[in-house]
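J.: Starting from these lines, generate the structure:
(chains A and B)
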Amino acid sequence: MNRLIFAAAVIIFAMLLLLQLANIIPLTFDEVISFVFILYGAVAVYRSLSKGDRAILVFSTSVFLAGVILVVKSNYEIHNFCGLVFASVLFISGTAFILLFIENMKEKAFFLSGTVLILLSYFTINILGPIGFLIFVNKACNILENFLPIVLIFMGISVFINRKK
Amino acid sequence: MENQDNFNSSENLFKQRDEPPPPKHVKKLSRSNKNVIIAGVCSGIAEYLNIDPAYIRIIGILTLFFNSWSAAAYLIVALFLPVHTSQNDFSELEKEKIRKENFRIILSGVLLFTGFRFSLEAYEIRTAAQFFFLSNNVFVALIVLAYGVYFLYGYRKCEEQKKMFVQFFSRSEKDKILLGVCGGLANYLCIDSSAVRIIFILAAILTLGLFCAAYLILAIAAPSAPAIAQGEKGE
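T.: Numbers count the residues shown, from 1 in each chain, chains lettered A, B, ... in the order given. So this is what the prediction gives:
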């Protein structure tokens, strides 16, 4: 079923892309991706919640919210993109933990960590943001941008080396 | 007596000559039916060349730098190459091992691809529009459509993997580096722990360490695996 949802999402993406290239639908490439993300995320979250497939639940929640953020980004002019990424990572991971709690109400740890992450994302934008925290985030992000490829390549190599463990 | 022996041996020699030569085992390039991620092309090539499929897969992922041509080539090869029919099948344990290894290969491939992509962009060697996922043309759309149809077709054939989920979330004692949170979460979600660790590290980097709060909360709130086992025994 997961494969079916994924295949349907890929086909819808390709069809929308073709329609967009033929100027039949007035959408940008980012909007097409975001709509497919939202569609896939919503269906996969619903399906995985009923089936109890936790990994897909976390993945599809993240995909759904990434789609929502992409819609916001493509429709509104956002100057501080690093700040958006910063808050989005906190919010998406917090929501994923909350959904894990909804799937299994006995696990209070997920509820706690999810709530803390969502509150952190709110506070960084609304309370720490006006003080100048987002300017600091932007500066740090510029420095991180130079090191992130190295970190990713290093992680990739280490996973590849340890693939048989 | 010796002459007779020689005669017998020469007779045997002639007999051997009369018999047709044994058929040579010719290796044929085919898709693998045992070690498959999408269509078994990389694994088939690796079996043909007698090397580890991981190398072919990593090269395959990195060829996505040449826009969608490599993806198209893969699909064409998958359509025209026959599937290898072997009698011996893997056991469930071996299949699980292969699945885990393949997941790590894909993960490392994605990380390497993303890392190289960012570094190339940083040095302005290639623009983002030239990359596979962002090259906005009809050819890419058609390739994506073909892959969608292929996945849909493959859905009918494949059996869904039945996962046995654990009931409680606990810190792992076996699979731990710091406090066993990532290992426990991977066990709870039924995925590879390396993926959870990478997500946690990247999230911590992107949020300047704030994400560590979630790690600490999970470490404090979740019991360790032996504690749960003792609790179950007590009940």
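
J.: If you rank every helix and strand of chain A by mean pLDDT, what lands last?
T.: helix A:128-131 (a mean of 76; mean pLDDT, DSSP states H and E).

J.: Going by neighbour count, list what's buried in that helix.
T.: The neighbour-count check on helix A:128-131 (16 or more other CB atoms under 10 Å in any protein chain shown) flags A:G129 as buried. Heads up, the C-betas are built off the backbone N, CA and C, glycines and all.

J.: Any buried residues in the following helix or strand past that helix, and which?
T.: Note on helix A:128-131: by DSSP states H and E, the next helix or strand toward the C-terminus is helix A:133-161. The neighbour-count check on helix A:133-161 (16+ other CB under 10 Å) flags A:133-134, A:137, A:141, A:148-149, A:151-153, A:155-156, A:159-160 as buried.

J.: Identify the residue nearest the residue most central in space within chain B in space, chain neighbours excluded?
T.: Taking CA atoms, centre = their mean as the criterion, B:N102 is the residue nearest the geometric centre of chain B, at 1.9 Å. In space, and not counting its chain neighbours, B:N102 is closest to B:I37: 5.3 Å by CB to CB, 6 or more residues apart in numbering or on different chains.

J.: Going along the chain, name the helices of chain A.
T.: A:2-21, A:29-51, A:54-75, A:81-103, A:108-126, A:128-131, A:133-161 (DSSP state H).

J.: repeat for chain B
T.: B:2-18, B:41-49, B:53-62, B:69-80, B:92-122, B:138-157, B:181-189, B:193-206, B:212-221, B:225-234.

J.: If you count contacts, what does the second one end up packed against?
T.: Meaning helix B:41-49. helix B:53-62, helix B:69-80 (3 or more CB pairs under 8 Å, 6 or more residues apart in numbering or on different chains; DSSP states H and E).

J.: The first one and chain A, are they touching?
T.: Yes. Using CB under 8 Å from any CB of the partner chain, a contact is recorded between helix B:53-62 and chain A, made by B:A54, B:I58.

J.: That helix to helix A:133-161, inter-axis angle?
T.: 140 degrees (axes from the mean of the first three to the mean of the last three CA atoms, to 10 degrees).

J.: Could you list the low-confidence segments of chain A?
T.: Of all residues in chain A, none has pLDDT under 70.

J.: Which residue lies nearest the spatial centre of it?
T.: A:A66 (3.5 Å).

J.: List the contacts of that residue.
T.: Contacts for A:A66 (CB atoms under 8 Å, 6 or more residues apart in numbering or on different chains) come out as A:F37, A:G41, A:S88, A:I92.

J.: mind redoing it with 6 Å?
T.: A:F37 (CB atoms under 6 Å, 6 or more residues apart in numbering or on different chains).

J.: Likewise for B:A213?
T.: B:A213 touches A:V116, counting by CB under 6 Å, 6+ apart.

J.: next one: the one 10 residues further on
T.: Applying CB under 6 Å, 6+ apart, we find B:P223 in contact with B:S170.

J.: Quick check: B:A78 touching B:S43?
T.: No. B:A78 is beyond contact range of B:S43, at 11.6 Å (criterion: CB atoms under 6 Å).

J.: Below-threshold pLDDT in chain B: ranges please.
T.: Where chain B drops to pLDDT under 70, the residues are B:1-26, B:67, B:86-89, B:124-137, B:155-164, B:226-235.

J.: same thing but 50
T.: Residue ranges of chain B with pLDDT under 50: B:1, B:128-129, B:132, B:233-235.

J.: Around chain A, pick out the residues from it.
T.: B:101, B:104-105, B:107-108, B:111-112, B:114-115, B:118-119, B:136, B:138, B:141, B:144-145, B:147-148, B:151-152, B:155, B:169, B:189-191, B:194, B:198, B:203, B:206-208, B:210, B:213-214, B:217-218, B:221-222 (CB under 6 Å from any CB of the partner chain).

J.: residues of stretch B:211-227 that come out buried?
T.: B:F211, B:A213, B:A214, B:Y215, B:I217, B:L218, B:A219, B:A221, B:A222, B:P223, B:S224, B:A225.

J.: just stretch A:1-16 next, same as before
T.: For stretch A:1-16, the neighbour count (16+ other CB under 10 Å) marks A:2, A:4-16 as buried.

J.: and the gap between the nearest residue to A:F64 once chain neighbours are set aside and chain B?
T.: Nearest residue to A:F64, sequence neighbours excluded (CB to CB, 6+ apart): A:G41, at 2.5 Å. Between A:G41 and chain B the computed distance is 17 Å (CB to the nearest CB, to the nearest Å).

J.: Alright, that wraps it up for me.
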